[in-house]
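Visitor: how does the following fold in three dimensions:
(chains A, B and C)
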Amino acid sequence: MKQKISIHWFKQDFRLQDNPSINYLSEKEEKTLFIYILDNNDALSLGSASKVWLHHSLEYLNKQLNGKLLIFNDSAINVFKKLIQDFIISSVSWNRCYDQESIKNDSKIKIFLKKHIDDVKSFNGSLLWEPWEVLKGDGTPFKVFTPFYKNGCLAVTPPRKPLTKKIKIFDSKYSTNKINFLKLIKKNKWASKITKEWKIGEEFAHEAMSNFFKFGITNYKEGRNFPSKQNVSKLSPFIHWGQISPNTLWWKCTENNKGSNNGNIETFKSELGWREFSYYLLYHFPHITEKNLQVKFDNFEWEFNKIYYQRWTKGQTGYPIVDAGMRELWETGYMHNRVRMIVGSFLVKNLLIHWKKGERWFWDCLFDADIASNSASWQWVAGTGADAAPYFRIFNPVTQGQKFDPHGEYTKKYVPELKKLPLKYLFNPWDCPESIAHNIEFEIGKHYPDPIVDLKESREKALKVFTSLKKI
DNA sequence: CCTGGAGTTGTCCTA
DNA sequence: TTAGGACAACTCCAG
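Guide: Just a heads-up that it's a prediction; the model follows:
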């Protein structure tokens, strides 16, 4: 006798709170079977850090579901074929993904499922506004952030309020923990070290939110620029994996938006707005993952010096703030936003290496690696994207270090070989006089690399190349 | 169709 | 030491 069930298909929504698909199924009479499908043939293959986060997320989620999460390593079609054989399925639902590949695959699966199951639904569980609902007066999509956010988002319907319902978990007899079979984690030092500063799971997303609204949000607007300060939320991996919904954060902002903290709250909300904008661009211009949004850059003469690139990835460029950022990324699966801009500008403008190379490295190393934010942000840094920075905006890693890490705490933490260097020379160690260097046993080229390119030269070269481009 | 204001995040030089 | 303007021009957007 087959049992009657409903199915929630976890995609990038690893939470039980404020989960529209789960809420929908909780209203039904049947108990819900919770499944996750890893398809190794997915075009959008996961980066190494993403796999690690996914592994721990699945473990946590399975615990939340009393060990009843069903995990498959197959194509979604095959999985559903089997489930349709084994159960009477009244409903299947999930929360949508917004990249082109997912849209294509999911619509195929939906058509297949509808042949066998009456009730097949998908929900918006990850965006505050549906990309197709925010348009200009003439019906075309926005291309500039400020009008998109102010006139497009804020001026229309406010985001859905968070809601949580009680779930009824279906106990399938073949529900076992198969997470290790997915082989998401390689047995090496990196994979175990990288999670050291993180607690992964829905509960910890809420913990991070509480901490942020207690401490970080005070002075967020200013403090978010300083990598050694604790003002950033560090919520990005949780948001990416759906361990907390943007709606929960949005309404938490509204709740806390009283009195003098207004500017900070608004700034944080606009950061959520930037995430929306990235997804918006991805939806309306899906090729931004691969191609320049501004086609005139297709003629741009990028260079590729393999040695430079490798030293950038390893944090061995000879520019302390750049190296600190790249090492933070490698060691923690995260990089502070200000530093992301600095290392990005350095790769694209000083080394003239294609933004796509940087995008791929970030994709592999970031816990919050997100196809929308990553593509849109790299294009922004390169100046090839929407709402681009003017080409002459090239970050100076020395000035940026002095300005945003004024006491050098961040830089020294990740580049410990510079610890003894006086602050005056921390961001330009090549200027350190011989007498001082000798005393602290610091030799450039021996204890810390020579800068791979000259700042002034590479800046002028970049300006030249970018200027020539606009004349085409 | 025309018009005018505006556009996340900087740097460098000059007075 | 510091504040202000140049950098260059284009596209987007709203009226």
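
Visitor: wait, A:Trp355 touches A:Val381, no?
Guide: Yes. Contact criterion CB atoms under 8 Å: A:Trp355 and A:Val381 qualify, at 6.7 Å. Quick note: C-beta positions are derived from backbone N, CA and C, even for glycine.

Visitor: name the residues contacting each of these two.
Guide: A:Gly344, A:Val348 (CB atoms under 8 Å, 6 or more residues apart in numbering).

Visitor: how about low-confidence regions in the stretch 51-200 of chain A?
Guide: A:175-177 (pLDDT under 70).

Visitor: show me the shaky parts of the stretch 351-472 of chain A.
Guide: For the stretch 351-472 of chain A, counting by pLDDT under 70, the residues that fall below are A:470-472.

Visitor: the residue of it found nearest DNA strand C: what's it in contact with?
Guide: Proximity of the stretch 351-472 of chain A to DNA strand C (CB to the nearest atom of the strand) peaks at A:Pro390, 3.4 Å away. A:Pro390 sits next to A:Gly383 when contact means CB under 8 Å, 6+ apart.

Visitor: now stretch A:448-460: buried residues?
Guide: A:Tyr448, A:Pro449, A:Pro451, A:Ile452, A:Val453, A:Leu455, A:Ser458, A:Arg459 (16 or more other CB atoms under 10 Å).

Visitor: in the stretch 151-300 of chain A, what residue comes closest to DNA strand B?
Guide: A:Trp274 (4.0 Å).

Visitor: near DNA strand B, from the buried residues of stretch A:448-460?
Guide: A:Leu455, A:Arg459 (CB under 7 Å from any atom of the strand).

Visitor: secondary structure and distance to A:Asn41 added to the buried residues of stretch A:448-460, as TSV?
Guide: Converted to TSV, the buried residues of stretch A:448-460 look like this (DSSP: H, G, I helix; E, B strand; the rest coil; distance: CB to CB, whole Å):
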residue	secondary structure	distance to A:Asn41
A:Tyr448	strand	44
A:Pro449	coil	41
A:Pro451	coil	43
A:Ile452	coil	39
A:Val453	coil	40
A:Leu455	helix	45
A:Ser458	helix	41
A:Arg459	helix	44
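
Visitor: with distance to A:Pro147 added, can I get the buried residues of stretch A:448-460 in a markdown table?
Guide: Compiled in a markdown table, the buried residues of stretch A:448-460 are given as follows (distance: CB to CB, whole Å):
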| residue | distance to A:Pro147 |
| --- | --- |
| A:Tyr448 | 46 |
| A:Pro449 | 44 |
| A:Pro451 | 41 |
| A:Ile452 | 40 |
| A:Val453 | 38 |
| A:Leu455 | 36 |
| A:Ser458 | 35 |
| A:Arg459 | 32 |
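
Visitor: report the buried residues of stretch A:125-137.
Guide: Within stretch A:125-137, judged by 16+ other CB under 10 Å, the buried ones are A:Gly125, A:Ser126, A:Leu127, A:Leu128, A:Trp129, A:Pro131, A:Val134.

Visitor: what residues does the second one make contact with?
Guide: By that I understand A:Ser126. By CB under 8 Å, 6+ apart, the neighbours of A:Ser126 are A:Gln12, A:Asp13, A:Asn95, A:Arg96, A:Cys97, A:Tyr98, A:Gly242, A:Ser245, A:Pro246, A:Tyr279.

Visitor: nearest to A:His407 among the buried residues of stretch A:125-137?
Guide: A:His407 has its nearest neighbour among these in A:Leu128, at 36.9 Å by CB to CB.
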